[in-house]
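> Just to be clear, the model below is a prediction. Sequence and coordinates:
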Amino acid sequence: MSPSSRRYPERPLVGVGGVVIKDGQVLLVRRGRPPAKGQWSIPGGLVHVGEALAAALERELAEETGLKIRVGPLVYVMERVVPDGQGRIAYHYVVLDYLCDWLSGQPRPSSDADAAGWFDLDDLDRLGLNPETAQVIVEAASLARKTDLS
């Protein structure tokens, strides 16, 4: 799906996000295109028609960051509705964020990310994350301490 076809959708678009926590750090990407261009966020993307959620997340993380992951439990469902200046809905996403286990690879940005890397959980405030995104990461980190994905 092209970025332009995501604008002014006929219906909400379904996406998946992967909160990957490794050695006390979380994987983040800096978005390279609207609606969140320039912002650090949880990596992920849209689900293709006929694609299982876990398969979509594994594909998106590989495409966007080069990492191989295993999908764990659902952490959060986020709805992102972005109106334009005239009150029309320019973007509408429903994103299911999952805790993921890192299996292999080093972060490298590609696809719609212009940067990717590991960040200390204690340093999230300085990145200017969307408050809802920061909360998802905190919840996922708490769940990760209680969950063994292997």
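The structure has been received and is ready for your questions.

> Name the residues of the helix or strand harbouring residue 76 that come out as buried.
Per DSSP states H and E: residue 76 is located in strand 68-83. Neighbour counts over strand 68-83 (16 or more other Cβ atoms under 10 Å) mark 69-72, 75-76, 78, 80 as buried. To be clear about C-beta, it is placed using only N, CA and C from the backbone, and glycine gets the same treatment.

> With stretch 21-35 instead?
Neighbour-count burial for stretch 21-35 flags 21, 25-32 (criterion: 16+ other Cβ under 10 Å).

> so where's this structure shaky on pLDDT?
Scanning the chain with the threshold set as pLDDT under 70 gives 1-4, 148-150.

> distance of the residue sitting furthest away from the middle of it from residue 8?
No residue in the chain sits farther from the centre than residue 86, which is 27.9 Å out by Cα atoms, centre = their mean. Per Cβ to Cβ, to the nearest Å, residue 86 is found 11 Å from residue 8.

> which residues in this protein form helices?
Ranges of helices in the chain, per DSSP state H, are 3-6, 53-65, 131-146.

> returning to that earlier point: closest to residue 144 among the buried residues of strand 68-83?
Checking the buried residues of strand 68-83 against residue 144 with Cβ to Cβ, the nearest one is residue 72 at 8.3 Å.

> Just want to check the distance between residue 97 and residue 140.
Relative to residue 140, residue 97 is positioned 7 Å away (Cβ to Cβ).

> Residue 106 too?
The gap separating residue 106 from residue 140 is 21 Å, by Cβ to Cβ.

> Among the two, which residue is more densely surrounded?
residue 140 (27 against 10; other Cβ atoms under 10 Å).

> can I assume that one is in contact with residue 74?
No: contact criterion Cβ atoms under 8 Å: residue 140 and residue 74 do not qualify, at 10.1 Å.

> what touches both of those two?
Residues touching both residue 140 and residue 74 by Cβ atoms under 8 Å, 6 or more residues apart in numbering: residue 97.

> And the nearest residue to residue 59 once chain neighbours are set aside, its phi and psi?
Spatially, and ignoring its direct neighbours in sequence, residue 59 is nearest to residue 51 (7.6 Å; Cβ to Cβ, 6 or more residues apart in numbering). Here is the backbone geometry of residue 51 (degrees, to the nearest 10): phi -90, psi 130.
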